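Asks: Need coordinates for the following:
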Amino acid sequence: MKLEALGLIRIMKKFAIICLCLFCFSCTNENESLIGDYTSVQYNVFEDALLNLDQKTTWSIGTQLKLKDDSNFKLITCGNIITGTWTVLNDSLNLNFESNRWRKDSLQEVGFEGEWPILYTKPWKYAIQGNQLIQEYSRLDSNGVRIRSLHNLLKSTTQKEAI
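Replies: Just a heads-up that it's a prediction; the model follows:
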């Protein structure tokens, strides 16, 4: 009887150790999977036509985003370099701006047609969909035509030089 009890205790100890290991190693930070480099998705002519069927659509080209493990980010667009911090709330990535400057240093002094980049006070929000970050909003152009703006960033699967 004592041998059976000792065998049961050993089995229970092994089971407890296995459960503890599974618990410890399965608890990872969800944000870790977001860390990395993203670039804007390039659409071909067919995809462009599909995007513009129901509403005129524009999208970013050449945008690069680096999400760092210390919750800082660097976003490079066609004209700007934006830095700040990032957070995740539910299924959204929030980019909180700390600086926004022109990519061309000469514009920092005189601006572009007398204007400088806006330092947004509200975070830019991207929907997290697998390895993509998607931001979509509508705006009116100068003629009052509604335009859909689409920013679709795809996570890089290769190690790139830091941006």
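Asks: Quick one: find the helix or strand in this protein with the lowest mean pLDDT.
Replies: The helix or strand of the chain with the lowest confidence, counting by mean pLDDT, DSSP states H and E, is helix 2-26 at a mean of 52.
Asks: Relative to the very next helix or strand once past that helix, what are the paired strands and their orientations?
Replies: Using DSSP states H and E, the helix or strand that follows helix 2-26 in sequence is strand 36-40. Using DSSP bridges, the strands paired with strand 36-40 are strand 64-67 (antiparallel), strand 146-155 (antiparallel).
Asks: Okay, and the most centrally placed residue in the chain sits in which element?
Replies: With distances taken as Cα atoms, centre = their mean, the chain has Leu133 as the residue nearest its mean C-alpha position (4.9 Å). Using DSSP H and E, Leu133 falls within strand 132-140.
Asks: For that strand, which strands pair with it and how are they oriented?
Replies: Strand pairing for strand 132-140, using DSSP bridges, gives strand 124-129 (antiparallel), strand 146-155 (antiparallel).
Asks: buried stuff in the last one?
Replies: Of the residues in strand 146-155, those buried by neighbour count under the rule 16 or more other Cβ atoms under 10 Å are Arg148, Leu150, His151, Asn152, Leu153, Leu154, Lys155. To be clear about C-beta, it is placed using only N, CA and C from the backbone, and glycine gets the same treatment.
Asks: if we can go back for a sec, nearest to Ser99, out of the strands paired with strand 36-40?
Replies: Among these, the nearest to Ser99 by Cβ to Cβ is strand 64-67 (14.5 Å).
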